[in-house]
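Q: Structural data only, the sequence is not supplied:
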C-alpha cells in the first residue's frame with residue numbers, strides 16, 4: 001500500500017486532473033488532496049468523487065510543508081509502505097511508481113527517491129545538489145550563469161554525474177518525494193512547519209539523508225512544468241529569501257560541518273563512478 005499527497009492553492013483543475021491521472025489512485029494507491037485555498041472552488045467537487053482520493057478543504061493557506069504534513073501523518077496512521085509528496089505541476093506514466101517501489105523493496109537502506117526530471121520540452125532539470133552555502137543560492141539567483149558563476153553552479157548541481165547514474169546526493173528537489181513511511185514514523189520526520197514555502201524540501205531531505213540513502217534514480221522520469229515563481233513574482237521572491245534565511249539560521253551560514261562532510265562524500269562518489277566508467 002502506498003499513499004501520496006498534493007497541496008493545492010487555487011490550482012487549475014486541468015493541472016490537478018493530470019497529476020491524478022499520472023498517480024492513478026487505486027485500492028493500493030491512496031491519494032490525499034489538501035486544499036489550502038481560502039475559498040471553495042466548485043470545480044473541485046469532482047475530486048471528491050474519485051475513488052481512493054480523500055479531499056481535505058482547509059480554507060486558509062497553511063503553507064506547502066504544513067499542508068503536506070497532513071498527508072504524511074495520515075500515511076503514518078494508515079501504515080502505508082511509501083508516501084509520495086507530489087507537486088500539482090507533474091505528469092508521468094503510472095508505471096514509474098512500480099519501478100521505484102521495486103528498487104526500494106530491494107534496497108532497504110533507501111529512504112527517499114527522486115526520478116529523472118525533465119521540462120515539458122524534454123530538457124533535463126538539474127535537481128541533484130550539494131547542501132547549499134549562502135553563496136550558492138545568491139549566485140544562482142542573482143548573477144548571470146557565466147564564467148566562474150557557471151562553474152560553481154555546475155558543481156553545486158552535480159553536473160559531473162551526467163545525470164544518468166544512480167547516486168546518493170544529500171540534497172534533491174522536493175517536486176516528487178518518494179519516501180519510506182516507516183522511516184518517517186520511526187524518526188519522527190515531517191516537514192519543519194517554520195518554512196512556509198521553499199527550502200522545506202532541502203531541510204527534510206537533509207534529515208532523511210542522515211538515516212539512509214536519498215537516491216537519484218534516472219531509470220524512470222517525470223515531467224515537471226516548473227514555473228520558477230520566485231523569478232517572476234516579487235512576493236514569492238521575498239518568501240524564498242525568508243525561507244533561505246531560516247534554513248541557514250538552522251544549519252549555519254558559514255560554519256556547517258555536516259554540509260562539508262556530506263558534500264565531500266557525494267563529490268567523491270561521483271568521481272569514483274566516473275573513474276570506473278573511464279576505466280571500463
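A: Looks like it arrived, so ask away. The model shown is predicted, which means the values in this text are computed figures rather than measured ones. Numbering: from 1, shown residues only.

Q: Please report how far the nearest residue to residue 193 once chain neighbours are set aside lies from residue 199.
A: Spatial nearest neighbour of residue 193, excluding adjacent residues (C-beta to C-beta, 6 or more residues apart in numbering): residue 66 at 4.5 Å. The C-beta positions use only the backbone N, C-alpha and C, and glycine is treated the same way. Distance, residue 66 to residue 199, by C-beta to C-beta, to the nearest Å: 14 Å.

Q: quick one: which of these two has more around it?
A: More crowded of residue 66 and residue 199, by other C-beta atoms under 10 Å: residue 199, with 25 against 22.

Q: give me phi/psi at that one?
A: Torsion angles at residue 199 (phi, psi; degrees, to the nearest 10) stand at phi 70, psi -10.

Q: For residue 166, give its distance to residue 242.
A: Counting by C-beta to C-beta, the gap from residue 166 to residue 242 is 34 Å.

Q: Give me the nearest residue to residue 178, chain neighbours excluded.
A: residue 113 (4.3 Å).

Q: helices and strands around the least confident helix or strand in the chain by mean pLDDT, which ones?
A: Using mean pLDDT, DSSP states H and E, the weakest-scoring helix or strand in the chain turns out to be helix 134-142, at a mean of 88. Applying 3 or more C-beta pairs under 8 Å, 6 or more residues apart in numbering; DSSP states H and E, one finds that helix 134-142 contacts helix 147-156, helix 234-251.

Q: could you check the angle helix 234-251 makes with it?
A: 170 degrees (axes from the mean of the first three to the mean of the last three C-alpha atoms, to 10 degrees).

Q: Give me the residue at the spatial middle of this structure.
A: What sits nearest the mean C-alpha location of the chain, by C-alpha atoms, centre = their mean, is residue 174, with 1.2 Å.

Q: And that residue, how close does it get to residue 127?
A: Counting by C-beta to C-beta - residue 174 and residue 127 are separated by 9 Å.

Q: which regions of the stretch 1-150 of the chain lie under the pLDDT threshold?
A: Scanning the stretch 1-150 of the chain for pLDDT under 70 picks out the ranges 144.

Q: At which residues are the helices of it located?
A: For the stretch 1-150 of the chain, applying DSSP state H, counting those that start in this stretch gives helices covering 13-23, 64-77, 95-106, 134-142, 147-156.

Q: Going by neighbour count, list what's buried in the first one.
A: To tie it back to what came earlier, the one meant is helix 13-23. 15-16, 18-20, 22-23 (16 or more other C-beta atoms under 10 Å).

Q: rewinding a little: Throw the helices and strands packed on helix 134-142 into JSON lines and include mean neighbour count and distance to residue 192, thanks.
A: Formatted as JSON lines, those follow (neighbours: other C-beta atoms under 10 Å; distance: least, C-beta to C-beta, whole Å):
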{"stretch": "helix 147-156", "mean neighbour count": "14", "distance to residue 192": "22"}
{"stretch": "helix 234-251", "mean neighbour count": "16", "distance to residue 192": "8"}
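
Q: Switch the ones you listed over to JSON lines; also include distance to residue 81.
A: JSON lines is the format used below for the helices and strands packed on helix 134-142 (distance: least, C-beta to C-beta, whole Å):
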{"stretch": "helix 147-156", "distance to residue 81": "33"}
{"stretch": "helix 234-251", "distance to residue 81": "30"}
